[in-house]
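Q: no sequence for this one, just the structure:
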């Protein structure tokens, strides 16, 4: 019965060797393939042909609290302009998404207010995979 209980702490995120901590509440991790795997083409006679995409790219969006201890390391990685790998694993459900040859799309927007703010990074992956 324990498999039916969700706990975000069962999710492990690693960006460029940095184990992420200090996630913002809500949905702090999003990952998706950029293009559909298949599209349809219907001819004038109604015959359907499927086109398989060779686009393996994907996008990761992570939101951390502005006081997360890993932000300085992520900023150093972003400023290095080097490629890196990304993985997010739900250890309880054996679900994993990963990306290779990744880069930060841009720096995280800066904002401050009366409450803790989220710091959002968008990461582009040349090779996106779901296990």
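A: Received, thanks. In this text, all values refer to a predicted model and were calculated from it rather than measured experimentally.

Q: Please identify the helix or strand for the most far-flung residue of the chain relative to its centre.
A: Checked against the mean C-alpha position of the chain, the extreme residue using C-alpha atoms, centre = their mean is residue 45, at a distance of 41.4 Å. Element membership for residue 45, per DSSP states H and E: none, as it lies in no helix or strand.

Q: Please name the bridge partners of the residue nearest the centre of the chain.
A: Centroid check for the chain by C-alpha atoms, centre = their mean gives residue 60 as the closest residue, at 2.2 Å. Beta bridges link residue 60 to residue 31, residue 123, judged by DSSP bridges.

Q: Please list all residues in contact with it.
A: Residues counted as contacts of residue 60 (C-beta atoms under 8 Å, 6 or more residues apart in numbering) are 29-31, 86, 88, 97, 99, 102, 122-123, 125. Where C-beta positions appear, they are placed from N, C-alpha and C, glycine not excepted.

Q: Quick check: which element contains residue 63?
A: Assigned by DSSP H and E, residue 63 falls within strand 58-65.

Q: All good on my end, thank you.
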